[in-house]
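Asker: Here is my input; please provide its structure:
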Amino acid sequence: MAKGLVSKNKLVLKDNCNIALVYRLETAAAVSLSKKVADHLKERGFQIFTAPEQKLIPGTKSAKTKKQMDTMDLIIVLGGDGTYLRAVRLLEGRSVPILGFNMGSLGFLTAHNADTVFDIIEKTLLGKMILSPRTMIVAKILRKGRQRAEFHALNDVVIERGGMSQLINTAIYSEKFLVSEVKADGFIVASPSGSTAYNLAAGGPILHPESKVFVVTPVAPHSLTSRPLIFPDDRELSFRLEGKTQTAHFIVDGQKMTEITADDEVILTRSHYDHWIVREQNHNYFHLLREKLKFGDRS
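Answerer: The predicted structure follows:
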């Protein structure tokens with residue numbers, strides 16, 4: 001970060017810091033709130049930018065280049081979890097904290113209500129919020145031994161058959177040791193943050209956000225013995241399609257990035273950099289589970 005400092009899991013913003021706004025696209029309420037937030041922060045002396053891939057917010061600067069994104073000290077997200085993940089993609093692995101406000105339906109990552117936006121922003125500027133570190137996944141795709149792509153994921157990486165009618169046969173390795181070969185619609189590799197997303201819907205376990213693990217969950221496996229597997233996040237995981245004619249979609253945080261074939265090897269590791277979520281000091285993860293997912297609700 002340029003002028004913002006992380007000290008004892010607290011964010012300290014100095015004068016003239018750079019703050020970028022990411023808002024829910026094509027939503028009038030989000031655009032309107034973004035303008036109000038920009039005006040509020042400019043009055044406080046901060047440099048306000050509109051993040052890439054969206055229409056410029058009036059009165060802000062455009063952060064179109066990687067060099068400009070390198071100077072950001074804080075990202076403010078106004079939208080849902082999809083908007084939050086778009087902000088994470090724009091950071092491309094940079095350790096810039098994100099403060100999220102929910103204007104969507106679920107709001108696991110954007111945990112703060114949009115009605116509290118100015119109160120929460122004020123607490124953030126006064127250093128009264130905490131920074132919660134979240135594990136990131138780095139995915140590298142090698143074709144015949146040469147890297148052809150690299151992606152960063154906060155939630156999950158998914159290998160799926162897409163529009164193909166047949167299952168894909170995939171070999172899973174941990175530290176080059178064969179774990180298993182499984183026929184399935186696909187596989188989800190989720191971080192603790194992503195365990196409550198697609199992984200949960202596919203029958204995978206909920207991981208505490210501070211857990212140092214990944215979970216690999218098969219999607220509709222053609223075997224009664226194929227179950228989710230939890231791995232330490234300091235191990236390298238790799239995946240190969242078995243069968244020369246097979247192709248699969250490669251999806252990162254809900255967005256299709258490329259297609260892979262039997263010539264490709266997918267290697268997944270924990271990123272050297274954590275993602276930082278800005279939270280209130282009394283944030284309670286278990287309350288979030290009960291509120292958003294009705295966890296433990298017997299009615």
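Asker: where does residue 287 land in three-state SS?
Answerer: helix (DSSP: H, G, I helix; E, B strand; the rest coil).
Asker: For it, grab the count of nearby residues.
Answerer: When counting by other CB atoms under 10 Å, one arrives at 11 neighbours for residue 287. Just so you know, the C-beta spots here come from the backbone N, C-alpha and C atoms, and that holds for glycine as well.
Asker: Equivalent analysis for residue 261, please.
Answerer: Residue 261 has 13 nearby residues by other CB under 10 Å.
Asker: Let me see the contact set for the residue nearest to it when sequence neighbours are not counted.
Answerer: Excluding the flanking residues, the one nearest residue 261 by CB to CB, 6 or more residues apart in numbering is residue 247, at 5.2 Å. The contact partners of residue 247, taken as CB atoms under 8 Å, 6 or more residues apart in numbering, are 162, 164, 241, 259, 260, 261.
Asker: which among those end up buried?
Answerer: 241, 260 (16 or more other CB atoms under 10 Å).
Asker: Filter the contacts of residue 247 down to the ones in strands?
Answerer: Among the contacts of residue 247, the ones falling in strands (DSSP state E) are 241, 259, 260, 261.
Asker: partner residues bridging the first one?
Answerer: The residues listed as beta-bridge partners of residue 241 by DSSP bridges are residue 170.
Asker: List the contacts of stretch 36-43.
Answerer: By CB under 8 Å, 6+ apart, stretch 36-43 touches 19, 21, 48, 57, 58, 59, 60, 76, 78, 117, 118, 121.
Asker: In that stretch, which residues are buried?
Answerer: So, applying 16+ other CB under 10 Å, buried residues of stretch 36-43: 37, 38, 41.
Asker: could you redo the ones in strands among the contacts of residue 247 as a markdown table and give each row distance to residue 175 and pLDDT?
Answerer: Conversion of the ones in strands among the contacts of residue 247 to a markdown table gives the following (distance: CB to CB, whole Å; pLDDT from 0 to 100):
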| residue | distance to residue 175 | pLDDT |
| --- | --- | --- |
| 241 | 20 | 94 |
| 259 | 26 | 95 |
| 260 | 21 | 95 |
| 261 | 24 | 93 |
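Asker: which ones are touching residue 138?
Answerer: Residue 138 neighbours (CB under 8 Å, 6+ apart): 93, 150, 151, 152, 153, 268, 269, 270, 271.
Asker: was I right about the third one contacting residue 251?
Answerer: No: with contact defined as CB atoms under 8 Å, residue 151 does not reach residue 251; the gap is 9.7 Å.
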